[in-house]
Structures are given as structure tokens and as C-alpha cells.
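Undergrad: Quick one, structure for this:
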Amino acid sequence: MRNLKCVSSTATALHRVFIAPIEQSQLQLHQRTPLLTSLSTSKPPPFLLNQQKRTLVSLVRAEKSRLPRDDEIKSWSVVLVDEDGKLQEPRSTMAILDSMDRKKDSLVVVKPGEPGVPPICKIMNKVAMREAEKARRKAEKKGGITIKSMELNWAIDGNDLGHRLNKLKEFLMKGQRVEVLLAGKKKGRKATEDEARAVIKRIKGVLTEVDGAREMKPMEGKFLGTATLFLEGKVQKATLREPEES
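TA: Okay, the predicted model is just below:
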């Protein structure tokens, strides 16, 4: 009988030391589970849902308002527009992205592709893109003035520059504002200071050909680096012709 009591007391002690704490923790967990479940399955408050919905809508609108760029471009190959506005042969999208300085530049789709035809893209300076976007938004707030962007390189060929300046003149004659971005080539010949000054002189010379056209503010940026000219045109009145005598 004494042996049975000894065994019983030993079993009780072992149960109290090893089993009871586990049972107690399981009981506490079971008691907390309904609360945890209710917290995890409860819906967020209405104001938070509305805020999340507005954020999602604004992100979707922002994505739709612009064409793909960089890793958003899904086409295996693209046609690149060089700094002179000439189309190159199709190249691997990944190879172009790998060759770029992606901290400074961005590969932007300027014309979407079609089945069997790769999109046309251009490598653009990120700082210039942000400035152009900032100016566009500012103009929209002021009344929807159209702002055109034109990108040239300091070492542009004279004939190519002539074609681009004809386009610039058309914009100015329609009363539009034009931001002319000047940047250097990463590869190829670099312009001399005299050549760069001549380019600026020819650009500003267009202002004298359009009545009322002007430079809105001084050039911003770095000479022979990345710089922007801010030009504004004036709508030209149609020239009245004298009636011909019969």
C-alpha cells in the first residue's frame, strides 16, 4: 500500500511539473483564439477602405496616362530613336537597358508597337523629363497652355538642325510654348564650345522669324551639359490678300 502511494505521489508530481503547464497554455491559447480570429477576419474601417481605393485609382490613372518605360516595356526588341531623330535597327530591349546609365536616363516608348512591329523608343534624361512634366502640370493649372518639347544634342548636324528648327518655327507660329532640351551624346563626337554657341544662336534666331515670339526666361542648366531653352510663340494672323482686279 505504501508503494502504491509512493507511485501515485510521484505520478502526480510529474504531471504537475511537465503536463499541467502544457495543458494550461493550450487552454489559454484556446481562449484567445476567437479574439485573434475576429481581429484577423474583421474588415478595416470605412475611411481606410476609401483611402486605399483612392490611392489605387490614382495609381492606375497615372500608369494609363503615359506610355511604358524601362522594365515596363514587354517587347523583346525595340527600335531606338537616336539623338538626331533617326531610327536605328531593332535591338534587344534588355541589351539597351543594360548599356544605359539607368540612374540618369530612361528608355521611353514614344510609339507603341503592333503585332510583328516593335515599339519605337527613345533614351531620355530623367531630370529633363521631370522638369518637362513639372512645367506641363504648371501650365495646365494656368489654363491649359500647350507646351511642346524638343530634344537636340550639341553636336547635331547642320541639316538635321535646320529640319528641327523648321518644326520649332511651326510650333511658335501656333502660339505654343516650346522647351528645347540640349544635351551631349554619350557616344560619338563631342561639340566644341563654338559649335554649341552656334546651335544656341540658330535656335534663338528662329524667334526673329516669328512675330511676337520670345524667350520666356534665361537658359537653365549647364552649357555643353544638359540645358533647356524656354521659348514662347504667338499666333500669327493670316495675311490678307488684295482682291485681284478682273
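
Undergrad: how's the protein carved up into domains?
TA: Per the record's domain assignment (automatic domain parsing), the chain is made up of the domains 70-125, 146-232.

Undergrad: Those domains: which one's closest to residue 134?
TA: Each of these was scored for nearness to residue 134 using CB to CB, and the closest is domain 146-232 (10.6 Å). Every C-beta, even on glycine, is put in place using the N, C-alpha and C of the backbone.

Undergrad: that older thread, now the domains of the chain as TSV including mean pLDDT, distance to residue 133 and mean neighbour count?
TA: As requested, those are exported to TSV (pLDDT from 0 to 100; distance: least, CB to CB, whole Å; neighbours: other CB atoms under 10 Å):
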stretch	mean pLDDT	distance to residue 133	mean neighbour count
domain 70-125	89	11	15
domain 146-232	91	10	16
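
Undergrad: Quick one, which of those domains gets closest to residue 138.
TA: Residue 138 sits nearest to domain 146-232 of all the domains of the chain, at 9.0 Å, using CB to CB.

Undergrad: Can you give me the end-to-end span of that closest one?
TA: Between the opening and closing residues of domain 146-232 we find a distance of 10 Å, counting by CA to CA, to the nearest Å.

Undergrad: now do stretch 217-235
TA: Using CA to CA, the end-to-end distance of stretch 217-235 comes to 20 Å.

Undergrad: Compile the domains of the chain into CSV and extend it with columns for distance to residue 132.
TA: CSV is the format used below for these (distance: least, CB to CB, whole Å):
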stretch, distance to residue 132
domain 70-125, 9
domain 146-232, 5
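
Undergrad: can you tell me the distance between the two ends of stretch 150-163?
TA: The first and last residues of stretch 150-163 sit 12 Å apart, counting by CA to CA.

Undergrad: Which residue ranges of this structure form strands?
TA: In order along the chain, the chain carries the following strands (DSSP state E): 77-81, 91-92, 105-111, 120-125, 147-153, 177-183, 214-221, 227-232.

Undergrad: Compute the inter-axis angle for the third one and strand 120-125.
TA: If you take axes from the mean of the first three to the mean of the last three CA atoms, to 10 degrees, strand 105-111 sits at 150 degrees to strand 120-125.

Undergrad: Which secondary structure elements does strand 105-111 sit against?
TA: Strand 105-111 is packed against strand 77-81, helix 93-99, strand 120-125, helix 126-142, with contacts defined by 3 or more CB pairs under 8 Å, 6 or more residues apart in numbering; DSSP states H and E.

Undergrad: looking at those, which is closest to residue 233?
TA: The closest approach between residue 233 and any of the helices and strands packed on strand 105-111, judged by CB to CB, belongs to helix 126-142 at 13.9 Å.

Undergrad: quick one: buried residues of that closest one?
TA: For helix 126-142, burial by neighbour count (16 or more other CB atoms under 10 Å) applies to 128, 129, 131, 132, 135.

Undergrad: tell me what it is packed against?
TA: Taking 3+ CB pairs under 8 Å, 6+ apart as contact, the helices and strands that helix 126-142 lies on are strand 105-111, strand 147-153, strand 177-183.
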